[in-house]
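K.L.:
just a sequence and a predicted model for now, questions to come.
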Amino acid sequence: MKSIEPNPIAVDASPAINTSQTVFPILLALSFCHLLNDTMQSLIPSIYPMVKESFQLNFTQIGFITFTFQVSASVLQPVVGAFTDKRPQPFALAVGMCFTLLGLISLSLANSFNLVLLSVGLIGVGSAVFHPEASRVARMASGGKHGMAQSLFQVGGNAGSSLGPLLAALILLPYGRFQVIWFSLVALLAIAILSWVGGWYKRSLEVVVAKKSVAKPANVSHLSSGKITFAIAILLLLIFSKYIYMASISSYFTFYLIHKFGVSIQNSQIYLFAFLFAVAAGTFIGGPVGDRIGRKYVIWISILGAAPFALLLPYVNLFWTGVLSCIIGLILSSAFSAILVYAQELIPGKVGMIAGLFFGFAFGIAGIGSAILGSVADKTSIEYVFWICSFLPLIGLLTGFLPNLEKSRAS
């Protein structure tokens, strides 16, 4: 046993290389890069009113922009996750961010609808690489506090998503879409930080390999394959309800406010910012609470708890629309970290594949849902879209069929 000690000690020259303790510098770096990444991505829906007017688009075409971005982000994520489960790529995070950089530059210069689609597709590829790999590194740096680590990682992304509409209102709407090019500097900053994280990841893999050579075999699930498949299916349905609803807000909330209440484009962006900021504020709750009381209960509270407020939203005035949207965002946002860690505990040893599957499905279903909702809005009205979506959180009732993992382990 003592013969393997020199390698971990040598690697531990950096204080961050300790996989048995929570490595907060790495978690904070990942959370900050998630903020930068999602800030850049959130510029896409934030400029929809400008793009719609510039290229004379209908709601179906607006939905197809979201569809292109979300699908390009979703299809590759499980593939990237499964590949890196077998062959870790420490610097893939920085490489993925290069695609985002190219997409931003292209989006600022796009002079046609097709070039807009190409640009958002490139940004989507960057996201496809970033999310599963960053989620894996966050778990490695968690020191066993998996829910907390995922929530800290997620809160950065949600905070970044909330900044997009605000930055659009302050910078892009007054000065034009070309100003998107300045956000390429944000991408360059993220590339630099992720290169540093990649160095830590590469060194820490040596520690993991050394520990695996003497450690016990990895934990295996105590549930049958049928129960695991059933549980994964329920989790994906819960993701469906959450992200279709989120897509309705992120893509069409500004149009809803403009059409129903007559607010200006800039004020509508402020309302969207308030909703997304509430999402960011609520994100951190789910992971740590799930570590304490169990992830199933957090999923119950998060998705089903948003249902009463979502059902009320289509019937209230502007003031209460703003209040209820923030309450919905606060409650609904705690679900994803709990769902992701719950799924990783269902299938131990497949961290990247599970992260890629769930991030990819979330992105993909949001893209498909946004395209469908845009078509529905063209054929009916934007108010009708929000009425339909108000029923989605009721799918949270399916949480009752999820197995209790703590009890299954104890038995």
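P.N.:
Structure's in. What do you need? Residues are numbered from 1 along each chain as shown.

K.L.:
every contact and neighbour count from this point should use C-alpha atoms.
P.N.:
Fine.

K.L.:
tell me where the stretch 201-350 of the chain has helices.
P.N.:
Assigned by DSSP state H, counting those that start in this stretch, the helices in the stretch 201-350 of the chain fall at 225-261, 265-293, 295-299, 305, 307-312, 318-332, 335-346.

K.L.:
how far does the longest one sit from its chain's centre?
P.N.:
Distance of helix 225-261 from its chain centroid, counting by C-alpha atoms, centre = their mean, to the nearest Å, is 12 Å.

K.L.:
what is that helix packed up against?
P.N.:
Here helix 225-261 touches helix 265-293, helix 318-332, helix 335-346, helix 351-379, helix 382-389, going by 3 or more C-alpha pairs under 8 Å, 6 or more residues apart in numbering; DSSP states H and E.

K.L.:
mind putting the helices of the stretch 201-350 of the chain into a markdown table with mean pLDDT?
P.N.:
Putting these into a markdown table (pLDDT from 0 to 100) gives the following:
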| stretch | mean pLDDT |
| --- | --- |
| helix 225-261 | 89 |
| helix 265-293 | 78 |
| helix 295-299 | 78 |
| helix 305 | 86 |
| helix 307-312 | 94 |
| helix 318-332 | 92 |
| helix 335-346 | 81 |
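
K.L.:
how many residues are close by the residue nearest to residue 389 when sequence neighbours are not counted?
P.N.:
Distances taken as C-alpha to C-alpha, 6 or more residues apart in numbering put residue 245 closest to residue 389, at 5.9 Å, once the chain neighbours are dropped. Residues near residue 245, counting by other C-alpha atoms under 10 Å, number 23.

K.L.:
who touches residue 245 in this structure?
P.N.:
By C-alpha atoms under 8 Å, 6 or more residues apart in numbering, the contact list for residue 245 reads 389, 390, 392, 393.

K.L.:
between all of those residues, which two are separated the most?
P.N.:
Of all pairs drawn from these, the greatest distance, 8.3 Å, lies between 389 and 393 (C-alpha to C-alpha).

K.L.:
roughly how far does the residue nearest to residue 389 sit from residue 307?
P.N.:
From residue 245 across to residue 307, the span is 11 Å (C-alpha to C-alpha, to the nearest Å).

K.L.:
which residues are common contacts for those two?
P.N.:
Listed contacts common to residue 245 and residue 307 are 390, 392, 393; contacts here mean C-alpha under 8 Å, 6+ apart.

K.L.:
ok, and the most crowded of those?
P.N.:
For the shared contacts of residue 245 and residue 307, counting by other C-alpha under 10 Å, the largest number of neighbours falls to residue 393: 26 neighbours.

K.L.:
contacts only, for it.
P.N.:
Applying C-alpha under 8 Å, 6+ apart to residue 393 gives the contacts 241, 242, 245, 303, 304, 305, 306, 307, 310.

K.L.:
do you know the pLDDT at the closest residue in space to the first one that isn't next to it in sequence?
P.N.:
Okay, so that is residue 241. Leaving aside its sequence neighbours, residue 241 sits nearest to residue 392 (C-alpha to C-alpha, 6+ apart; 5.2 Å). As predicted, residue 392 sits at a pLDDT of 92.

K.L.:
likewise the one 5 residues further on?
P.N.:
Model confidence at residue 397, given as pLDDT, is 87.

K.L.:
which residues touch it?
P.N.:
By C-alpha under 8 Å, 6+ apart, residue 397 lies in contact with 300, 304.

K.L.:
look up how far residue 375 lies from it.
P.N.:
From residue 397 to residue 375 the distance is 28 Å (C-alpha to C-alpha).

K.L.:
do residue 160 as well
P.N.:
Going from residue 160 to residue 375 by C-alpha to C-alpha gives 28 Å.

K.L.:
compare those two and say which is more crowded by neighbours.
P.N.:
The neighbour comparison of residue 160 against residue 375 (other C-alpha under 10 Å) goes to residue 160, with 27 against 20.

K.L.:
quick one, phi/psi of the more buried one?
P.N.:
Main-chain torsions, residue 160, degrees, to the nearest 10: phi -60, psi -40.

K.L.:
quick one: it from residue 36, how far?
P.N.:
The spacing between residue 160 and residue 36, counted by C-alpha to C-alpha, is 6 Å.

K.L.:
any shared contact partners between those two?
P.N.:
With C-alpha under 8 Å, 6+ apart applied, the contact sets of residue 160 and residue 36 do not overlap.

K.L.:
where does residue 143 land in three-state SS?
P.N.:
coil (DSSP: H, G, I helix; E, B strand; the rest coil).

K.L.:
that one: neighbouring residues, count only.
P.N.:
Counted with other C-alpha under 10 Å, residue 143 comes out at 17.

K.L.:
you'd agree it is up against residue 21?
P.N.:
Yes. Between residue 143 and residue 21 a contact is recorded at 4.0 Å, counting by C-alpha atoms under 8 Å.

K.L.:
which residue packs closest to residue 106, ignoring adjacent ones?
P.N.:
Looking at residue 106 with C-alpha to C-alpha, 6+ apart, the closest residue is residue 119, at 5.4 Å.

K.L.:
my read: the one you found touches residue 109, true?
P.N.:
No. Using C-alpha under 8 Å, residue 119 makes no contact with residue 109, being 9.4 Å away.
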